[in-house]
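Chemist: Sequence and predicted structure below; questions after.
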Amino acid sequence: MPERHVVVGSGVGLHARPAALFTQAVAKAPVPVTIAKIGGAPVDASSILLVLTLAVAHADEVVLAAEGEGAQETLDQLAALLEQDLDAAPTGN
Amino acid sequence: MSDRPDTPRPSGASGASGASGGTDGSSRPLGGAAQLQGLGVSPGTAVGPVARLGLPPVPPADEQPGPDPAAEADRVAAALEQVAVSLAERAALASGDAVAVLEATAMMARDPGLLSTVRAQLDAGRPTAASLDAAIEGFCDILAASGGYLAERVADLRDVRNRALAVLLDEPMPGIPHPGHPFVLVAHDLSPADTAALDPREVLALVTEAGGPTSHTAILAKGLGVPAVVRCARARDLTDGSPVVVDGSSGLVVLDPDERTLAQGRARAEARAMLAASGSGPGTTADGTSIALLVNIATADDARRACQVDSEGVGLFRTEGLYLGRQTAPTVEEQEAGYREVFAAFTGRRIVVRTLDAGADKPLAFVDLGTEENPALGVRGLRVGRRHPQVLAGQLEALGRAAAATGADVRVMAPMVSTPAEARAFVAEARTHGLAIAGAMIEVPAAALRADQLLAEVDFVSIGTNDLAQYTFAADRMQGELADLLDPWQPALLDLIASVGAAGQGTATPVGVCGEAAGDPLLACVLVGLGVRSLSMAPGLIAAVRLVVGAHSLAQCVQLAAAARTASDAVAARAAARALAEQKVLELL
């Protein structure tokens, strides 16, 4: 299964607004995506509640995985998103 | 010393005494299927159908697992989806901050991780409602432990749980009902969280089984100007849609009223509306002594509503609203923005701000005060500064900046001042932030007993009668059974107020009252007789106080006060004052 290792760029880690932006992006993806900490069990990356339970801090490394048509592109986009500091990005509204 | 009300006005309210009629029959018995007696805490009469506050459902203790976990998971999924749809619908109708909160809550209801966690519980053989409850509580623990923004989402997630359980268990939706027409809200008790979503245009009256004269229900009702009855045990028998007549003065609730009772209730409601429209302008006694009539507020929303009431300004702005429920301290900038909003609503009028009264029953997450055996006697109000001086400094800085930016007539006072030295230190600190007029609340008996010394240190004082009664009688305000001891007519309480009033006259320091007592029209006259010159109350009570104070001369007020203080208990004190008061004007109430 295609995977990407990503170092989380957001200053607060994968919490609050960054977690919400990430899970919303996953929910729009054409394939199911999982996220895990190194050595941990993967969880559904479209669930903000499960993503929060991972307690991912700033600069932690996570593994994204997906399978099916468009998996490679989806993982590339999501990895790029996670590398940014999502808390600093301008809001959409 | 600049709190002195400025221009004496001729008595304007006395002409209203001709507007009697329509309020006869107060002694005739009311008829209906049942009469429920409670404690009237906000005057007025209302007629309308009951709608009950929905209670949060709990999974039944004897709940059995469903036969097919997969089918049960589908039921939970359907319930959560129904909740998400209704939250999204409410978001579409809402405005402001509520939209984002409702949308985020709807997203949580649709969270795939929530459903997969419920599924795991069901597969382990747990019953359906209990599975949903356990899954949500598990996530709540994680959110709470994360702190900050996420911890503040716990209440939203529990809201999802409560709504989904109501669907699963076929129980009424928790929270404020929306029957689509004005209603009498009936509940066991009301908390600030319950009533945050209350639309004042829809609520005719409040009736609760629990609560006391200073409960949230009483304060809310007076703020909205709607009648309220608390401690009405039989309110639990009232069902949705039943017609009732609620008398917030006598505390009587009549179920299924007969025609005559219904007509009488409507006539009284109209008479009261006329009374509210009968007087205007600054408060004065019949012989022209200025008595400032002010409002109590707690939020920017309160300010927007209350600024439309004919008052001379704000006598008590409770500032806890900016802090409670926060995990982190609001920045000076955030506070300044909040204060500016309130000050702008009262341009040209005075605004008396009470600095943060945290501790006791109002704990703050970001100020660790530890666990206290007796929080009401612990580190609260001004005392918080002993451990966390930066909280008060930040607040005064924000208030000073907001006052300078808006040009508003802002005066600050500290809660829970006990000694002249505490008062002196507070006034000095306020002045360093550009706040020229600073004073103290008188809530602690020690402060009232040494009023001469304390008043010499401040520009004004305001007596908080609710806390002063609690500490004078050693009776917890939250303890409904002790309500008789907390009666503001207690002669011992009047004695303490008298000593503050005398000190005010001796030191030329203005004395005000901002507790429940100020909104009782007859007691307001007694307070004036004791030397009080400003009265701050819920906006809905001002019209009646203006009328009754305006019908009595200062000399009459002094006589009323003397008669009340001679009495041996609260009931006798009220009766003694009543006997000497202008009867025509009392009949209007």
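Modeler: Thanks, I have it. Treat the numbers as computed from the prediction; the structure is a model and nothing was measured. Numbers count the residues shown, from 1 in each chain, chains lettered A, B, ... in the order given.
Chemist: which phi and psi does residue B:83 have?
Modeler: phi -60, psi -40 (degrees, to the nearest 10).
Chemist: near chain A, which residues of chain B?
Modeler: Counting by Cβ under 8 Å from any Cβ of the partner chain, chain B comes close to chain A at B:104, B:107-108, B:111-114, B:116-117, B:139, B:142-143, B:146, B:148-150. Where C-beta positions appear, they are placed from N, C-alpha and C, glycine not excepted.
Chemist: Tell me the buried residues within those.
Modeler: B:107-108, B:111-114, B:116-117, B:139, B:142-143, B:146, B:149-150 (16 or more other Cβ atoms under 10 Å in any protein chain shown).
Chemist: Adding secondary structure, write those residues out as a markdown table.
Modeler: Below are these laid out as a markdown table (DSSP: H, G, I helix; E, B strand; the rest coil):
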| residue | secondary structure |
| --- | --- |
| B:107 | helix |
| B:108 | helix |
| B:111 | coil |
| B:112 | helix |
| B:113 | helix |
| B:114 | helix |
| B:116 | helix |
| B:117 | helix |
| B:139 | helix |
| B:142 | helix |
| B:143 | helix |
| B:146 | helix |
| B:149 | helix |
| B:150 | helix |
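Chemist: Show me which pair in the residues you listed is furthest apart.
Modeler: Greatest spacing in these, by Cβ to Cβ: B:116 and B:149 (24.0 Å).
Chemist: And residue B:559, how close does it get to residue B:282?
Modeler: 24 Å (Cβ to Cβ, to the nearest Å).
Chemist: Correction: the previous question concerned residue B:260.
Modeler: From residue B:260 to residue B:282 the distance is 41 Å (Cβ to Cβ).
Chemist: higher neighbour count, these two?
Modeler: Here residue B:260 and residue B:282 are compared on neighbour count by other Cβ atoms under 10 Å in any protein chain shown; more neighbours surround residue B:282, at 18 against 13.
Chemist: Would you state the strands of chain A in chain order?
Modeler: In chain A, the strands defined using DSSP state E lie at A:3-7, A:33-37, A:43-44, A:61-66.
Chemist: Looking at those, which is nearest to residue B:536?
Modeler: Nearest of those (Cβ to Cβ): strand A:43-44, 54.6 Å.
Chemist: Would you mind pulling the contact partners of that closest one?
Modeler: With contacts defined as Cβ atoms under 8 Å, 6 or more residues apart in numbering or on different chains, strand A:43-44 is touched by A:32, A:34-36, A:50-51, A:53-54, B:112-113, B:116.
Chemist: Listing partners with orientation, what would you give for that strand?
Modeler: Next to strand A:43-44 in the sheet, as set by DSSP bridges, lie strand A:33-37 (antiparallel).
Chemist: Show me the contact partners of the strand it pairs with.
Modeler: In contact with strand A:33-37 (Cβ under 8 Å, 6+ apart) are residues A:26, A:42-46, A:51, A:54, A:56, A:60-66, A:74-75, A:78.
Chemist: For the stretch 201-350 of chain B, which residues score under the pLDDT cut-off?
Modeler: For the stretch 201-350 of chain B, applying pLDDT under 70 flags the ranges B:275-278, B:325.
Chemist: Can you tell me the SS state at residue B:441?
Modeler: strand.
Chemist: Look up which residues are beta-bridged to it.
Modeler: residue B:462.
Chemist: From residue B:246, how far off is it?
Modeler: Taken as Cβ to Cβ, the span from residue B:441 to residue B:246 is 33 Å.
Chemist: residue boundaries of the helices in the stretch 351-500 of chain B?
Modeler: Using DSSP state H, counting those that start in this stretch, the helices assigned to the stretch 351-500 of chain B run over residues B:389-406, B:420-432, B:445-449, B:451-455, B:465-472, B:491-507.
Chemist: Those into JSON lines, with extra columns for mean neighbour count and mean pLDDT?
Modeler: Shown next, in JSON lines, are those (neighbours: other Cβ atoms under 10 Å in any protein chain shown; pLDDT from 0 to 100):
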{"stretch": "helix B:389-406", "mean neighbour count": "19", "mean pLDDT": "95"}
{"stretch": "helix B:420-432", "mean neighbour count": "18", "mean pLDDT": "97"}
{"stretch": "helix B:445-449", "mean neighbour count": "19", "mean pLDDT": "98"}
{"stretch": "helix B:451-455", "mean neighbour count": "23", "mean pLDDT": "97"}
{"stretch": "helix B:465-472", "mean neighbour count": "23", "mean pLDDT": "95"}
{"stretch": "helix B:491-507", "mean neighbour count": "20", "mean pLDDT": "97"}
